[in-house]
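Visitor: Can you look at this prediction? I've put the sequence above it.
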Amino acid sequence: MARNNTTSADYRSSKIKSKIAWAIAIFFACIMLVLTLTPFFFMIMNSFRKQFDMLQQGVFHLPHPWYFDNYINVVKNGFFGYFLRSVIVVGISLVLMLIISAFAAYPLSRMNFKLNPLIYATIVAMMSVPMHVTLIPIFKLTTAIGFYDSLKALIGPYVAFALPMSVFILTAFMKTIPKEIEESAEIDGCNRYQNFFKIILPLSKSGLSTLAIYNGVAMWNEFAFANTLLITPAKKTLPLALGQFKGEHSLDIPIILAVLTLSVLPMIILFIIFQDKLVKGMMAGAVKG
């Protein structure tokens with residue numbers, strides 16, 4: 001009888017501790033939610049004001065009246081041109097980055113050869129190189145090969161600086177795939193190429209999706225290389241669009257906030273659509289590892 005009472009007391013104590021832990025977790029999650037959403041709320045709300053309404057009405061009051069002309073002016077002044085160029089650059093860069101990363105990660109993760117540790121260590125070491133120290137060499141290189149002031153000038157740096165982290169993550173991810181799967185396929189007559197394309201690559205979809213989302217956001221928001229390698233307004237990408245809408249003699253903050261809202265909206269929508277793949281990719285590596 002005493003043992004049952006002890007078990008019941010332990011159960012009630014454990015349940016109370018669990019409720020307290022959940023309450024604390026929810027409390028801090030709510031704080032993080034407020035801290036995360038406040039900048040977006042500020043940005044979206046003030047993008048519907050006239051130029052000087054922020055000074056007259058206050059930045060955290062609802063706009064009165066709601067001013068939609070900011071978005072109309074942004075669209076009329078070539079926003080979709082900047083948007084399309086960013087889509088082209090990011091799309092091509094991501095495809096190339098994923099293909100090269102997969103081809104590099106497969107032998108590093110599944111094959112044993114003498115140079116494997118050295119190559120892998122070199123790739124990991126490249127992660128420590130700050131991308132901005134290469135601005136001048138890349139500027140000279142793109143000028144020498146005739147790529148300066150074209151979208152082609154951005155694809156090379158974007159792919160190159162995304163590769164070390166991508167190969168590192170994808171190599172670790174592929175190592176978690178059981179080798180018995182490949183061995184069974186080899187018994188059935190599959191060679192290395194068939195193993196890669198029919199087994200390893202499909203099983204790595206969640207990892208590839210994670211890399212695509214992670215690097216896609218970084219490429220979409222990249223400013224330094226775009227500002228250095230592009231000069232013609234008709235060739236500039238979305239991060240450089242702010243200079244077009246800042247105003248000639250004064251800073252029109254609401255219209256800049258409208259540009260920022262339209263700029264981040266595609267990434268938010270894509271993240272909402274593919275968030276399950278991102279979580280699965282991150283969790284798959286954690287659980288299998």
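Guide: Thanks, I have it. All of these numbers come straight from a predicted model, not from anything done at the bench.
Visitor: Distance check, Glu180 against Glu186.
Guide: Using C-beta to C-beta, to the nearest Å, Glu180 is found at 11 Å from Glu186. No exception for glycine: its C-beta is placed from N, CA and C like everyone else's.
Visitor: When these two are compared, which one has more neighbours?
Guide: Taking neighbours as other C-beta atoms under 10 Å, Glu180 and Glu186 compare with Glu186 leading, 13 against 8.
Visitor: surely the more buried one meets Lys198?
Guide: No - the criterion here is C-beta atoms under 8 Å, and Glu186 misses it with Lys198 at 11.8 Å.
Visitor: Domain-wise, how is this structure divided?
Guide: The chain breaks down by automatic domain parsing into domains covering 2-46, 78-288.
Visitor: Run the chain-centre distance for the last one.
Guide: Here domain 78-288 is found 8 Å from its chain centre; the criterion is C-alpha atoms, centre = their mean, to the nearest Å.
Visitor: ranking the domains of the chain by burial, who's on top?
Guide: domain 78-288 (a mean of 16; mean count of other C-beta atoms under 10 Å).
Visitor: pretty sure Leu257 contacts Phe41?
Guide: No - under the criterion of C-beta under 8 Å, Leu257 makes no contact with Phe41, lying 11.4 Å away.
Visitor: Low-confidence bits of the stretch 51-200 of the chain, can you list those?
Guide: For the stretch 51-200 of the chain, the stretches with pLDDT under 70 are 59.
Visitor: ok so, going back, mind checking which of the domains of the chain is nearest Asp53?
Guide: Set against Asp53 and scored by C-beta to C-beta, the domains of the chain come closest in domain 78-288, at 7.2 Å.
Visitor: Which strands and helices lie in contact with the longest helix seen in the chain?
Guide: Counting residues, the longest helix found in the chain (DSSP state H) is helix 2-46. On a contact count with 3 or more C-beta pairs under 8 Å, 6 or more residues apart in numbering; DSSP states H and E, helix 2-46 meets helix 253-288.
Visitor: Spell out the residue ranges of the strands in this structure.
Guide: In the chain, no segments count as strands under DSSP state E.
Visitor: Do a quick rundown of the helices in it.
Guide: Under DSSP H, the chain gives helices at 2-46, 53-57, 69-76, 79-110, 116-126, 135-144, 152-175, 179-187, 192-195, 201-203, 205-221, 224-229, 242-245, 253-288.
Visitor: can you redo these as a markdown table with distance to Lys236?
Guide: As requested, the helices of the chain are exported to a markdown table (distance: least, C-beta to C-beta, whole Å):
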| stretch | distance to Lys236 |
| --- | --- |
| helix 2-46 | 22 |
| helix 53-57 | 27 |
| helix 69-76 | 15 |
| helix 79-110 | 6 |
| helix 116-126 | 28 |
| helix 135-144 | 15 |
| helix 152-175 | 10 |
| helix 179-187 | 46 |
| helix 192-195 | 41 |
| helix 201-203 | 35 |
| helix 205-221 | 14 |
| helix 224-229 | 7 |
| helix 242-245 | 8 |
| helix 253-288 | 13 |
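Visitor: what angle do the longest helix of the chain and helix 69-76 make?
Guide: Angle of helix 2-46 versus helix 69-76, following axes from the mean of the first three to the mean of the last three C-alpha atoms, to 10 degrees, is 70 degrees.
Visitor: measure the residue nearest to Ala241 when sequence neighbours are not counted to Met97 for me?
Guide: Closest residue in space to Ala241, ignoring its immediate chain neighbours: Tyr82 at 4.3 Å, by C-beta to C-beta, 6 or more residues apart in numbering. The gap separating Tyr82 from Met97 is 22 Å, by C-beta to C-beta.
Visitor: swap in Pro130?
Guide: With distances taken as C-beta to C-beta, Pro130 is found 19 Å from Met97.
Visitor: how far does stretch 115-134 stretch from start to finish?
Guide: Counting by C-alpha to C-alpha, to the nearest Å, you get 27 Å between the two ends of stretch 115-134.
Visitor: Could I get the contacting residues of Leu270?
Guide: Going by C-beta atoms under 8 Å, 6 or more residues apart in numbering, Leu270 touches Ile213, Gly216.
Visitor: Quick check, Cys190 in contact with Phe196.
Guide: No - counting by C-beta under 8 Å, Cys190 stays clear of Phe196, with 9.5 Å between them.
Visitor: With adjacent residues omitted, what lies nearest to Ile253?
Guide: Leaving out its chain neighbours, the residue that sits closest to Ile253 by C-beta to C-beta, 6+ apart is Met54, at 6.3 Å.
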